[in-house]
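Trainee: here is a sequence together with a model predicted from it:
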Amino acid sequence: MSTFPEVLLQAYRDVPERVAIRLLHSSVPEQAITYRHLMEGASGYAYALGEAGVKPGEVVVLILEHGEALPFAFFGAVLLGAIPSIMPFLTEKLSPEQYRASLAALFKITSPGAVVTDQAFASEVILAGSGHTPPAILLREQIIPSENIDLQRSPGFGRKPEAIVLLQHSSGTTGLQKGVALSHRAVFNQLNSYSRALRLRNDDLVVSWLPLYHDMGLIAGFILPILRRIPLVLMSPFDWVRAPQRLLQAVSRYRGTLTWLPNFAYNFCAQKIRPSQLDGVDLSSWRAVINCSEPMYWASHHMFLDRFQSYGLQPQALATCYAMAEMVFAVTQGGIDSPVTVDAVDERSLVTHQVAGPATGDNEAIQMLSAGLPIENTELRILDLNGQALPERHIGEIAIQSDCMLTGYYKRPDLTEKALLDGWYLSGDLGYLADGELYITGRKKDLIIVGGKNIYPQDLERVAGDVSGVHPGRVVAFGVFNPEIGTEEVAIVAESDANDPKRHLEIAEQIRQRVNRGTDVALRYIQVVERGWLLKTSSGKIARSANRDKFLSAYRPPA
Amino acid sequence: MQNNIATTLSQFIATQILKQPFRILAPNEKLISSGLIDSFHLVDLALYVEDTFGVHIDDTELNADTFDNLEQLTALIHNRLVK
């Protein structure tokens, strides 16, 4: 069994009445989806997509809120042999024009055969699709499950293991250009290696609130449990962010064992949940709470443990992982067999010499959380600026080779070629190896990670640059880590031709509004400066990290 | 009393959520649909309202359909207080 349809069909035949997914809702009762429901629901979508003219190998874009339609449509596209790609739903703060522009960009690059959405949202999709060959639009309200499973009408069963099974995108105009295309084989290699790294057991149960358009949610919080027959309790990210206690209540009620969280969620849960919301909550079943998808902090783990240890949270449950969509998901895993290693390193050596020397007591020490050992069939190298491998404890770019690498960025061979060096994937992340374990220290690429979500600064700069009064091309966006919330906040510095401080404030307010409504993030710091303030590289480009340093020393935001 | 509620809320949002202490919020200025209060801070607002006014706002009500400006939030708190 080496393709998604084969594995799903086998589960349907072996354990049709077993609950695969338990969907939690905030205002209606929960919903249990068995493998029979999943197969019948998916077949309904496969037939409807086929009727709509979608061919195997074509992309199917899914724009659906939390609910049964999402897993049904995802596996429906797979049964047809088409390639599902899950897009975020329009949020109430995002401007419809901006969202439409993103969709249009996605349509242009993927030429989808169909879009699956709901009645209320169809008009948005039609507007975004004008100008291209418009994809077929299927409304979830009109698709009925099929009790009659007809393998002849599911050409997905004829797909080869090396065929692309799904696409995964980051947000924003830039992220949408890089649709990570993954094969059946790459995903199963990942599931095999990662299951062993997790010591996955039959009595495990995954509880997740992560969005499915993100690699961590899609792989760890959806595909891994479903295809490995591990029960999944799934809630909506919209519900979780408004009521984080629901995650802990669900772990307690269903005896959850595994959960993945971005670092900020440790702080968020520890700071915002009231004791009255935890009456009777027992977290002793949680064997791994895995920190992943943004820089991991020792302080965040401690804050979480201090807050929830009295509810049965075991210290050894705190785990770490280094992952990326290009490797399907996990590259390393820490903290399963033994507690996560904490490496006390000498701050001065780290900052001045780019070497993570052990702390000596003479200088300040930094507590580095290990991301753990590489999972099976994965090799790591730390490279210097010339692409040469560095020795232990030296900081350089993390390069990865594994049997679960991406096939390529979808229809962008140019971007694929840039990301690889002699078969090694260049992560753009900086780190070091010590005793075989990986430590992440920073980022070479200009990327902002807010709450686990990748944000490309150029997308924010484009939006801010459209504000009248901003000098064209003179805007810089970057992230500033806030230890209190455990993640980065977004800052923008923009040059203006105006000299009037009052006018600067007006421009700042307009940039804030434009960015808040035109992107996935909320802008935290905005500074409008006079012409000539921003530093440029020798080639005349705006230097993001140098301007970040200049901003922090000039306007260091209060902690 | 409604004026007091609005002033207290406005100060909390400006200092604690926006971190712009001198920011003045207009009574009809959009809070949620504008992205001014992002989703990570909605729970802070609910906790503050509960602690300060003793009024519970359910997590299912933390959206622009229930309130989207100071005027509407003030009215919601006022109505629950007089009940």
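Mentor: Good, I have the coordinates. On a predicted model such as this, the values are computed, not experimentally measured, just so you know.

Trainee: give me the phi and psi for A:Ala365.
Mentor: The phi and psi torsions at A:Ala365 (degrees, to the nearest 10) take the values phi -110, psi 150.

Trainee: can you list the residues of the stretch 351-500 of chain A near chain B?
Mentor: Residues of the stretch 351-500 of chain A lying close to chain B (CB under 8 Å from any CB of the partner chain) are A:Gly451, A:Ile485. Quick note: C-beta positions are derived from backbone N, CA and C, even for glycine.

Trainee: neighbours of residue 19, just the number please.
Mentor: Going with chain A. 16 (other CB atoms under 10 Å in any protein chain shown).

Trainee: meant chain B actually
Mentor: 13.

Trainee: that one is in contact with A:Ile526, isn't it?
Mentor: No. With contacts counted by CB atoms under 8 Å, B:Lys19 stays clear of A:Ile526, the gap being 11.5 Å.

Trainee: can you list the residues of chain A near chain B?
Mentor: Looking at chain B, the residues of chain A close enough under CB under 8 Å from any CB are A:26-27, A:91-94, A:238-239, A:241-244, A:268, A:272, A:274, A:451, A:485, A:513, A:516-517, A:521-522, A:524, A:557-558.

Trainee: buried ones from those, can you make that a PyMOL selection?
Mentor: To isolate the buried members of the residues of chain A next to chain B in PyMOL, using 16 or more other CB atoms under 10 Å in any protein chain shown:
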select buried, chain A and resi 26+93+94+238+239+241+242+243+244+268+272+451+485+513+516+517+521+522+524
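
Trainee: contact partners for the residue of the stretch 51-200 of chain A found nearest chain B?
Mentor: The stretch 51-200 of chain A approaches chain B most closely through A:Lys93 (3.6 Å), counting by CB to the nearest CB. Under the criterion of CB atoms under 8 Å, 6 or more residues apart in numbering or on different chains, the neighbours of A:Lys93 are A:Asn516, A:Arg517, B:Ile32, B:Ser33, B:Ser34, B:Gly35, B:Asp38, B:Ser39.

Trainee: for A:Lys453, same thing?
Mentor: Contacts of A:Lys453 (CB under 8 Å, 6+ apart): A:Ser170, A:Ser171, A:His214, A:Asp520, A:Val521.

Trainee: tell me how many other residues surround the residue nearest to the fourth one when sequence neighbours are not counted.
Mentor: Ranked by CB to CB, 6 or more residues apart in numbering or on different chains and with sequence neighbours excluded, the top spatial neighbour of A:Asp520 is A:Ser171, at 5.1 Å. Number of residues near A:Ser171 (other CB under 10 Å) recorded here: 20.

Trainee: repeat for B:Ser33
Mentor: 18.

Trainee: look up how far chain A lies from it.
Mentor: 5 Å (CB to the nearest CB, to the nearest Å).

Trainee: excluding chain neighbours, what is closest to that residue?
Mentor: B:Ala64 (4.4 Å).

Trainee: need the contact list for the one you found.
Mentor: Taking CB under 8 Å, 6+ apart, one finds A:Glu92, B:Lys30, B:Ile32, B:Ser33 in contact with B:Ala64.

Trainee: checking my notes, the third one in a strand, right?
Mentor: No. Judged by DSSP: H, G, I helix; E, B strand; the rest coil, B:Ile32 forms no part of a strand; its state is coil.

Trainee: for it, what are phi and psi?
Mentor: phi -90, psi -50.

Trainee: pLDDT score for it?
Mentor: On pLDDT, B:Ile32 comes in at 94.

Trainee: which non-adjacent residue is nearest it?
Mentor: B:Ala64 (4.2 Å).

Trainee: same check on A:Leu218?
Mentor: That would be A:Leu212: by CB to CB, 6+ apart, it lies 5.1 Å from A:Leu218.

Trainee: and the contacts of B:Ala64, which two are the farthest apart?
Mentor: Using CB to CB, the pair of these lying farthest apart is A:Glu92 and B:Lys30, separated by 10.1 Å.

Trainee: which bits of chain B sit near chain A?
Mentor: B:19, B:32-36, B:38-40, B:42-44, B:46-47, B:59-60, B:62-64.

Trainee: burial measure for A:Gly280, as a count.
Mentor: 8.

Trainee: longest helix in chain B, by residue count?
Mentor: Identified as the longest helix of chain B according to DSSP state H is helix B:39-53.

Trainee: just the residues of chain A next to chain B: which are in strands?
Mentor: A:Arg524 (DSSP state E).

Trainee: buried among the residues of chain B next to chain A? Make that a ChimeraX selection.
Mentor: Buried residues within those, by 16+ other CB under 10 Å, are selected in ChimeraX with:
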select /B:32,33,34,35,36,38,39,40,42,43,44,46,59,62,63
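
Trainee: quick one: contacts for residue 63?
Mentor: Looking at chain A here, since you left the chain open. Contacts of A:Ile63 (CB under 8 Å, 6+ apart): A:Met87, A:Pro88, A:Phe89, A:Leu103, A:Val115, A:Val116, A:Thr117, A:Phe121, A:Val125.

Trainee: to clarify, I was referring to chain B.
Mentor: Counting by CB under 8 Å, 6+ apart, the residues that B:Asn63 touches are A:Glu92, B:Ile32.

Trainee: again with A:Cys292
Mentor: Taking CB under 8 Å, 6+ apart as the test, what A:Cys292 contacts is A:Met216, A:Ala220, A:Trp260, A:Leu261, A:Pro262, A:Thr320, A:Cys321, A:Tyr322, A:Ala323, A:Ala330, A:Gly452.

Trainee: what's the spacing between the fourth one and A:Ser284?
Mentor: For A:Leu261, the distance to A:Ser284 equals 18 Å [CB to CB, to the nearest Å].

Trainee: and those two? Which one has more around it.
Mentor: For A:Leu261 and A:Ser284, the more surrounded residue by other CB under 10 Å is A:Leu261, and the numbers stand at 23 against 13.

Trainee: out of the contacts of A:Ile63, grab the one that's most surrounded.
Mentor: A:Val116 (31 neighbours).

Trainee: just grab the bridge partners of it for me.
Mentor: Taking DSSP bridges, one obtains A:Leu62, A:Leu138 as the residues bridged to A:Val116.

Trainee: surely it touches A:Ala46?
Mentor: No. In this structure, A:Val116 is not within contact of A:Ala46 by CB under 8 Å, at 11.6 Å.

Trainee: list residues touching both of those two?
Mentor: A:Ala77.

Trainee: excluding chain neighbours, what is closest to A:Thr360?
Mentor: A:Asp346 (5.9 Å).

Trainee: relative to chain B, which residue of chain A is the closest?
Mentor: For chain A, CB to the nearest CB, closest residue to chain B: A:Asn516, 3.2 Å.

Trainee: residues contacting the residue lying closest to that residue once chain neighbours are set aside?
Mentor: Nearest residue to A:Asn516 in three dimensions, chain neighbours excluded: B:Gly35, at 3.2 Å (CB to CB, 6+ apart). Residues near B:Gly35 by CB under 8 Å, 6+ apart: A:Lys93, A:Leu94, A:Gln513, A:Asn516, A:Arg517, A:Ala522.
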